[in-house]
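Undergrad: Structure for this input, please:
(one chain, ligands or ions: 1)
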Amino acid sequence: MRARVLSGIQPSGNLHIGNYLGALRNWVRSQKDYECFFCIVDLHAITAYQEPAELQAKIRELAALFLAAGIDPKQSAIFAQSDVHAHTELAWMLTCVTPMGWLERMTQFKAKSAKQESVGDGIFQYPVLMAADILLYQAAIVPVGDDQSQHLELTRDIATRFNSLYGDTFVVPKTDLPSVGARIMGLDDPTAKMSKSAIGSGHAIALLDDPAKIQKTMMRATTDSNPEVNFETMGPGVANLLTIYQAFGEKTNEEMRAEFAGMRYGDLKKRVAGMVIAKLEPLQAEYHRIVAEPGYLDGILQEGKERAAPVANQTVATAKSRMGLYKSLATI
Ligand code: TRP
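TA: This is a model prediction of the structure:
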């Protein structure tokens, strides 16, 4: 049996080049070696209020973007988290073996809760649900951006604790971070990671932005007070633009130096914009083709669920019996 990969993205905000280079592109590549499960984590999205109609639309948009980026539904399952009931079920069982102290230490929880007066319990429980997503599929590898490594560490701790309390039940997963492109920073503020939820038009390049918009955002990107690219003294803004180019173009460090050393920032930005536009064009064309086909996406999500649910249900059944929960005579 091939080892399994699971990953997920929230259907909120707009998917951007940071998500693509940091996660989605790796997912596509992992399909040739692994059995893959790609989850649209709508239950995670509702840890912040989502306008219901918009959430529904975003789930479909994300499914279409997965496909357009190259996830092959014949090989991999694409499904909505809330469509596979085992996610919430296992999350509760895992909650009961997770000390609150572990969750209080999560930097994402601390950052999110610092911004709000009242903090929903969902934000606190968020990493436990994420652990359930992963452990349900006995995933060996979880390809994510580096902001998720603490959550992955917690997943490993929860799995290990459950295994030692109740006997070997879960595969303890590994994180899989991409080498170049794991961390694309905001174009307006290169000290903060590019975010799906950040507001402000200069922050990110969304996967569905048209060429004019990409060009405009890129030309406004924050650089530094040098006039031209200097690999020794460049600031984080210029480094970020070069990372974007290098990741999309799959260039070596030597190629990057040869191409960009001494280039003026205006030319640098034009060149990076050109690369991004060229790389996103086929993805966008495919996206528009997919969404124009009636019923296609629902069929894909249905197939994904049919592939994911039996695997997840099997794990829940094992976990329940390990914990001594009631086992009825028949399943309904
Ligand atoms: N927390 C992840 C993020 O915000 C999304 C996510 C939820 C996830 N469940 C997951 C990622 C399981 C990997 C595996 O990016």
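Undergrad: low-confidence ranges in the stretch 51-200 of the chain?
TA: 178-182, 199 (pLDDT under 70).
Undergrad: how about the residues of it that lie near the ligand?
TA: Contact residues, the stretch 51-200 of the chain versus the ligand (CB under 6 Å from any ligand atom): 130, 133-134, 142, 144, 148, 151. From N, CA and C alone the C-beta is placed, and that goes for glycine too.
Undergrad: For these, which ChimeraX command selects only the ones that are buried?
TA: This is the ChimeraX syntax for the buried subset of those, where burial follows 16 or more other CB atoms under 10 Å:
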select :130,133,134,142,144,148,151
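Undergrad: Out of the residues of the stretch 51-200 of the chain next to the ligand, name the ones that lie in strands.
TA: Using DSSP state E to define strands, the subset of these located there is residue 142.
Undergrad: Look up the closest residue to the residue of the stretch 151-300 of the chain found nearest the ligand, ignoring the ones flanking it.
TA: When distances are taken as CB to the nearest ligand atom, the stretch 151-300 of the chain reaches nearest to the ligand at residue 151, 5.9 Å away. Leaving aside its sequence neighbours, residue 151 sits nearest to residue 127 (CB to CB, 6 or more residues apart in numbering; 4.8 Å).
Undergrad: returning to what we had before: give the contact list for the residue of the stretch 151-300 of the chain closest to the ligand.
TA: By CB atoms under 8 Å, 6 or more residues apart in numbering, the residues touching residue 151 are 106, 108, 127, 130-131.
Undergrad: What is the most widely separated pair among the residues you listed?
TA: Taking CB to CB as the measure, the contacts of residue 151 span a maximum distance of 13.7 Å, between 108 and 131.
Undergrad: Tell me which of these two has more neighbours.
TA: Ranked by neighbour count (other CB atoms under 10 Å), residue 108 and residue 131 place residue 131 first, with 27 against 14.
Undergrad: so the residue nearest to the more buried one when sequence neighbours are not counted is in which element?
TA: Leaving aside its sequence neighbours, residue 131 sits nearest to residue 155 (CB to CB, 6+ apart; 4.1 Å). Using DSSP states H and E, residue 155 maps to helix 149-166.
Undergrad: buried sites along the helix or strand that that helix is followed by?
TA: Downstream of helix 149-166, the first helix or strand assigned by DSSP H and E is strand 174-176. Of the residues in strand 174-176, those buried by neighbour count under the rule 16+ other CB under 10 Å are 175-176.
Undergrad: Tell me the helices and strands packed up against strand 174-176.
TA: Where contact means 3 or more CB pairs under 8 Å, 6 or more residues apart in numbering; DSSP states H and E, strand 174-176 is packed against strand 141-143, helix 149-166.
Undergrad: Try it again at 10 Å.
TA: Here strand 174-176 touches helix 25-30, strand 141-143, helix 149-166, going by 3 or more CB pairs under 10 Å, 6 or more residues apart in numbering; DSSP states H and E.
Undergrad: Let me know which of these is tucked in deepest.
TA: Most buried of those, by mean neighbour count (mean count of other CB atoms under 10 Å): strand 141-143, with a mean of 24.
Undergrad: which residue ranges form the strands in the stretch 1-150 of the chain?
TA: 4-9, 35-40, 77-80, 141-143 (DSSP state E, counting those that start in this stretch).
Undergrad: Pretty sure residue 183 sits against residue 146.
TA: Yes - Residue 183 lies in contact with residue 146 (CB atoms under 10 Å); the separation is 5.5 Å.
Undergrad: can you list residues touching both of those two?
TA: 22, 177, 193 (CB atoms under 10 Å, 6 or more residues apart in numbering).
Undergrad: Leaving out the residues flanking it, which one is nearest to the second one?
TA: Excluding the flanking residues, the one nearest residue 177 by CB to CB, 6+ apart is residue 146, at 5.3 Å.
Undergrad: Would you mind stating the distance between the one you found and residue 217?
TA: Going from residue 146 to residue 217 by CB to CB, to the nearest Å gives 23 Å.
Undergrad: neighbour-wise, which of these two wins?
TA: Just comparing residue 146 and residue 217: by other CB under 10 Å the higher neighbour count belongs to residue 217, 21 against 14.
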